[in-house]
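>>> Just the structure for this:
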Amino acid sequence: MKNPLMKRLPRELRSDIGKYIALFLFLTLAIGFVSGFLVADNSMKISYDKSFDKYNVEHGHFILKDEADAEMLNDIEDVFDVTIYPLTYKNKENSEGHTIRIYPPREDINRADIMEGSLPEKDDEIAIDRLYAENNDISTGDTFTVADKDYTVSGFIALTDYSALFKNNSDMMFDANKFTVALVTKNEFDDLSEAGTEYCYAWRNSDNSLSDDKQKDKADDIVKYIAERAVLTDFVCRPDNQAIMFTGNDMGGDKVMVQTLLYIVMVVIAFAFAVTTKSTIEQEAPVIGTLRASGYTRNEILFHYLAIPVVVTLIAAVSGNIIGYTAMKNLVTTMYYHSYSLTAYKTIWNADAFIRTTVVPLLIIFLINFLIISSSLSISPLQFLRRDLSKRHRKKAVKLPEWKFLTRFRTRVVLQNMPAYLTLFFGIFFASVLLLFGIMFTPLLKNFKSEIQQSKLSEYQYILKAPVETENEKAEKYCVRTLNNTSDEEITVYGINESSDYLTDLSFSNDEIYLSDGFMEKYSIKDGDKITLHDKYSHEEYEFTVKGQYHYPATLCVFMSREHFNDIFDNDEDYFTGYFSNKKLDDIDENFIASTITEHDLTIMADQLEDSMGLIFPFFGGFGIIIFVLMMYLLAKLIIEKNASSISMIKILGYSNGEASKLYNHATAIVVIVSLLLSVVLGSSAIRVIYYTMMKEYPGWLTFYLAPWGFPLLIGIGIICFVLVTLILNKKIKKIPLSQALKNME
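Predicted structure coming up:
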């Protein structure tokens, strides 16, 4: 015999269709985005992993000061069982000051994937990175000027050793706006001037199955061998190569973050379902008592009330997966291709995404509702018939102070609906965290760029290949090199004149040093602490005592006197490696300049993050607003429905619809405002913890910053959302008939 309770389900859905449509749409959106993200992320990750063998990606590379001796390269191949490939490139600038890293054709190592057009066939043709072209509105066939020579763009490429466009491995962030890799013909490459030439050599291990740790161990042996025979300027093995590995690591991190977001959302929605269902049970208590007395078991009634939440979630999960596998998948791939220089990929369906976006959400909804609803149904049939729903003896009502009647009434409403209001608070808190995360991003980057502009050491920082004198008397000599800290993060070490005209706030004594404030903040270093840095290649260690900090947010660095610098690194007394200058030094041959650091170079991280992540963070803000509206609507509506008889009674006593609305909606408004104020405090603390945890995984440091206007904006958005919800609920209050008070009277 068909269970008669099943006939109630369509009627229950129709009676509260607005609530279930809102929940269905929200769940579909959330599940759809995560489903599309996981499918796209997994497909692109598989394509990325396969590209290492498909395009013969290097296991590492090293750069020498001078061209390598063929005998040394042969010895390295024999001793370490590797194959070495010349990968010399030339750094040039275009008319806009962008760095163009030019390579000859690649046939054996780090081969290119042609995304559009073709590789250069003529000497006046050039193929450039697809993402750089996209960011700079360049099309195939356009004229592209490099080093005062015009080229025709023959095609767009993706180089597998530059999936993230890091100019230098030590950079805080890649730069796909003002840096690109490019290919020209062999003849054209040979004809280019030698300025900006880097003698780079890549190697591939004969054993392609070595783990990352074993690759690093092998690289350590290779670097020691080379360092004894040539002058190294750079050495990077594949596991440490950000241009290769950053993309894959970011994909894995994004996947965990998105899944966590979905599960938090599902927990919040599960409690919303549970609280509303519990309210329905309270309203239908006599009916449940009658059914129990008629022979229905507790489990039959339990699964009846579980049916709608589970069915709505199941339909939303199926709909979300359909949307995810189509439109959302394409949106996510667009976001990835707008951030990284990825090769072409093929969509691969996977069961893991289905389990995580369908099975797990269903389990979360089922378990939370099962626990809460089963607890509500655990009392006896007689208690249901009497509407005595408390498991314990009813306590006396909380005695309130001698406040005004309306204040006491609203306080009583809050106390009687505490579970719903607690759920509302957690929903508002979660929405606030998402909203703060969405609105903090742009101000944080603008603040970072502003701080860099105000604290830059000079307009130009020249790093030389060899000490060269200049006639500019205002140019100031300095020393610089990189060391690694105990976390193996690269730290820039500056040797500054004791009476520097550019860093006027520093006073050096003995062997004390100053650290950039970001360095101290990231690693929780205090004045007087000792730090140990080591050379990446020789592994020689240096211990320093920290005297204080210097405000320089551009990078993690150490400042010491030039005299101290030359002493500890065994240099000549007058040794220097560069100049600080507020004017361009035109009297130094460009062949002696290793690099020139300008304001743009210091703000690369902020510029690139703003460009590549600009689509994601507003999404969090929009998601937060949706949760605001949804949670406020569902739970404020629940309170109105739960107190329908009381509202009907006060109407009988002469209160107007507007006055009834003020009694109940104003009580909810107080909870909303208190929740918003608490969320500002707790949310900002939560954001800070999340941010610090996240930033410690990245090289460099971006100072945490929440714009002061973000907090009033958060409160304002929350209040506007509640006002909109109140306008909808006022109509519901008007529809409550006076006869409602006569129903279910004990």
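>>> Now do the buried residues in stretch 578-593.
Gly578, Tyr579, Phe580, Ser581, Leu585, Ile588, Ile593 (16 or more other Cβ atoms under 10 Å). For every residue, glycine as well, the C-beta is placed using N, CA and C.
>>> give me the number of residues near Asn208?
9 (other Cβ atoms under 10 Å).
>>> helix, strand or coil for it?
Asn208 carries the three-state label coil when classified by DSSP: H, G, I helix; E, B strand; the rest coil.
>>> same question, Ala195
coil.
>>> Check what pLDDT it gets.
Per-residue confidence (pLDDT) for Ala195: 83.
>>> what separates the spatially closest residue to it that is not a sequence neighbour from Ala285, distance-wise?
Counting by Cβ to Cβ, 6 or more residues apart in numbering, Ala195 lies nearest to Glu590, which is 4.8 Å off, once chain neighbours are set aside. Counting by Cβ to Cβ, to the nearest Å, the gap from Glu590 to Ala285 is 86 Å.
>>> Then Thr411?
25 Å.
>>> Can you pick out the residue with more neighbours from the two?
When neighbours are counted by other Cβ under 10 Å, Ala285 comes out ahead of the other of Thr411 and Ala285, with 20 against 16.
>>> Would you agree the more buried one is in contact with Arg387?
Yes. In this structure, Ala285 is within contact of Arg387 by Cβ atoms under 8 Å, at 4.9 Å.
>>> distance between the ends of stretch 483-491?
5 Å (Cα to Cα, to the nearest Å).
>>> for that stretch, what is the average pLDDT?
The average pLDDT within stretch 483-491 is 84.
>>> show me what contacts the closest residue to Ile244 other than its chain neighbours?
Using Cβ to Cβ, 6+ apart and skipping residues adjacent in sequence, the residue nearest Ile244 is Asp161, 5.5 Å away. By Cβ atoms under 8 Å, 6 or more residues apart in numbering, the contact set of Asp161 is Val57, Glu58, Asn110, Ala202, Asn241, Ala243, Ile244.
>>> try 10 Å
Asp161 makes contact with 51-52, 55, 57-58, 61, 87, 106, 109-112, 181, 202, 238, 241, 243-244 under the criterion Cβ atoms under 10 Å, 6 or more residues apart in numbering.
>>> Repeat that for Asn582.
By Cβ under 10 Å, 6+ apart, the contact set of Asn582 is Ser458, Glu459, Tyr460, Asn472, Lys474, Ala475, Glu476, Asp501, Tyr502.
>>> So which of the residues you listed are in helices?
Filtering those for membership in helices, criterion DSSP state H, returns an empty set.
>>> what about Asp171, neighbour count?
Applying the criterion other Cβ under 10 Å, we find 22 residues in the vicinity of Asp171.
>>> Report the separation between it and Gly518.
Here Asp171 is placed at a distance of 15 Å from Gly518 (Cβ to Cβ).
>>> got the residue ranges for the helices in the stretch 551-700 of the chain?
Taking DSSP state H, counting those that start in this stretch, the helices of the stretch 551-700 of the chain run over residues 562-568, 599-602, 604-612, 616-642, 644-652, 657-695.
>>> Show me the contact partners of the first one.
The one in question is helix 562-568. With contact meaning Cβ under 10 Å, 6+ apart, helix 562-568 is reached by 476-481, 493-498, 500, 508-513, 542-544, 558-561, 571-577.
>>> Are any of the residues you listed buried, and if so which?
Buried members of these, scored by 16+ other Cβ under 10 Å, are 476-480, 493-497, 500, 508, 512-513, 544, 558-561, 571, 576-577.
>>> Filter these down to just the ones in strands.
476-480, 493-496, 512-513, 544, 558-561 (DSSP state E).
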